[in-house]
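I would like the atomic coordinates for the input below:
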Amino acid sequence: MQRVKNSKQGYGSPKWKWYQFKESLMDARTWLGFFYAFSSNIPNGGLGSFMLILLSDSLGYGSKKSLLMRMPGGAVETVGLVLFALLISKWPYRIFLSSFITAVVIAGSCMLAFSTNSKAQLAGLYIYSLSPIGMICFLSLFGANTLGYTKKITSQALLLIAYATGNLVGPQTFRSTEAPGYHSAKIAIVVCYVFSLFCLIGTFFVNYWDNKKRDKIENSPSFEMPNIENIEYADLTDREMPGFRYLY
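Prediction:
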């Protein structure tokens, strides 16, 4: 109970509130999250379907060896998840961690798309395996910065739609006419991750500016905190909750 009170997340209410629905659609954070989820999951859908084909045909490992060559990517992802889980417990700035991982994945994607060395392309695929970490950091931050029952489920529904749509679009970037190199698809991966990084940067600045604005208003001598009983447990949105600050 005390933890909920201190976090100012509120309990919410199962009652649908149209004003919260509209607020969600008018919030820049909702659409930055939507386009981040969409753009970062186009590569996820594409490589999820074509990873083995790239290893087998494009990099020349063959159908059997390509299964073995995919295993180090899983190890990279597992180790990365553990290390960043430990890091985020000590330094809980998820937007920066997500941005850093996305930048690393962009570097790996460039190795895959533009290098002519098969070993460098393979290393790029392994670096790409870190991409889920960025998405996980962002999802937890997105949920923490969205208050209000209706607003939260609306924004998260849009995020889910973007996630699913991105995964559907991804395989369509791999054209059979470009096999086995799929150069356009590889370039699309780089472009999508660069765009997703801009979405993360945009989210940071929106949160930063809103926090500065709230600080200025609440530090004003004329400001009076609204007298709402048990305000910490009310079904208020993040815009309505006095004292709430967006996390980074």
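
report the contact partners of Gly46.
With contact taken as CB atoms under 8 Å, 6 or more residues apart in numbering, Gly46 is in contact with Gly170, Pro171, Thr173, Phe174, Ala185, Ala188, Ile189. (Each C-beta comes from the backbone N, C-alpha and C, glycine too.)

nearest to Leu159, of these?
Among these, Gly170 lies closest to Leu159 (CB to CB), at 16.7 Å.

how deep is that closest one tucked in, by neighbour count?
23 (other CB atoms under 10 Å).

with Ala164 instead?
Number of residues near Ala164 (other CB under 10 Å) recorded here: 14.

can you add distance to Glu23 and give the contacts of Gly46 back as JSON lines?
JSON lines is the format used below for the contacts of Gly46 (distance: CB to CB, whole Å):
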{"residue": "Gly170", "distance to Glu23": "31"}
{"residue": "Pro171", "distance to Glu23": "35"}
{"residue": "Thr173", "distance to Glu23": "34"}
{"residue": "Phe174", "distance to Glu23": "39"}
{"residue": "Ala185", "distance to Glu23": "38"}
{"residue": "Ala188", "distance to Glu23": "34"}
{"residue": "Ile189", "distance to Glu23": "34"}
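
mind listing what's buried in the longest helix seen in the chain?
Ranked by residue count and defined by DSSP state H, the top helix of the chain is helix 183-218. Going by neighbour count (16 or more other CB atoms under 10 Å), the buried part of helix 183-218 is 185-193, 196-197, 199-200, 202-204, 206-207, 210, 214.

please apply the same query to stretch 20-31.
By 16+ other CB under 10 Å, the buried positions in stretch 20-31 come out as Gln20, Phe21, Glu23, Ser24, Asp27, Arg29, Thr30, Trp31.

just the C-alphas of it, formatted as CSV.
In CSV, the C-alpha atoms belonging to stretch 20-31 read as follows (Å, rounded to 0.1, in the frame of the first residue of the first chain):
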residue,chain,number,x,y,z
GLN,A,20,-8.7,9.6,-20.5
PHE,A,21,-9.1,7.9,-23.8
LYS,A,22,-8.8,11.3,-25.6
GLU,A,23,-5.9,12.3,-23.4
SER,A,24,-4.0,9.2,-24.4
LEU,A,25,-4.6,10.0,-28.1
MET,A,26,-3.4,13.6,-27.6
ASP,A,27,-0.3,12.6,-25.6
ALA,A,28,3.0,12.8,-27.5
ARG,A,29,4.4,10.0,-25.4
THR,A,30,1.7,7.6,-26.7
TRP,A,31,2.7,8.2,-30.3
